[in-house]
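Asker: Pasted the sequence and its predicted model underneath.
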Amino acid sequence: QLQACGGGLVQPGGSVRLSCAVSGFTGDDYAIGWFHQAPGKEREGVSCISSSGGSSIYVDSVKGRFTISRDNAKNTVYLQMNSLKSEDTAVYYCALGPEPSVRDYEFDYWGQGTLVTVSS
């Protein structure tokens, strides 16, 4: 089970940190990805982190603004989102898969999503 939380209303230029709590999986040998889906648009990859946390992927639109991290002792992955823009408004989902990727079809387990709204 994956539980995403931390979304909310934030002003442009502001920050928010999303959390993805993972439960029910043995060990921590899995990658966690973050995806978002804006209204009327398809789901897109945002970032992903490897099982050890030593490798991460960011799509171009968030590079330099978002940071993904994980705490395996807490079975939790974080997405720190800074310098937020209106176009970041979306439902954000975390997902679990075997290898780091931003392709949603490579992920088998999905959380329920948390809404981030960037607006003044």
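Answerer: Done, it's in. Residues are numbered from 1 along each chain as shown.

Asker: and the gap between the closest residue to residue 76 other than its chain neighbours and residue 37?
Answerer: Leaving aside its sequence neighbours, residue 76 sits nearest to residue 21 (CB to CB, 6 or more residues apart in numbering; 5.2 Å). Using the backbone N, CA and C atoms, a C-beta is placed for each residue, glycine as well. With distances taken as CB to CB, to the nearest Å, residue 21 is found 20 Å from residue 37.

Asker: per-residue pLDDT, residue 36?
Answerer: Residue 36 carries a pLDDT value of 98.

Asker: same thing with residue 28?
Answerer: 78.

Asker: what about residue 78, helix or strand, and which?
Answerer: Per DSSP states H and E, residue 78 falls inside strand 76-81.

Asker: what residues does that strand touch?
Answerer: Here strand 76-81 makes contact (CB atoms under 8 Å, 6 or more residues apart in numbering) with 15-22, 32, 34, 46-47, 49, 62, 65-71, 88, 92, 94, 116.
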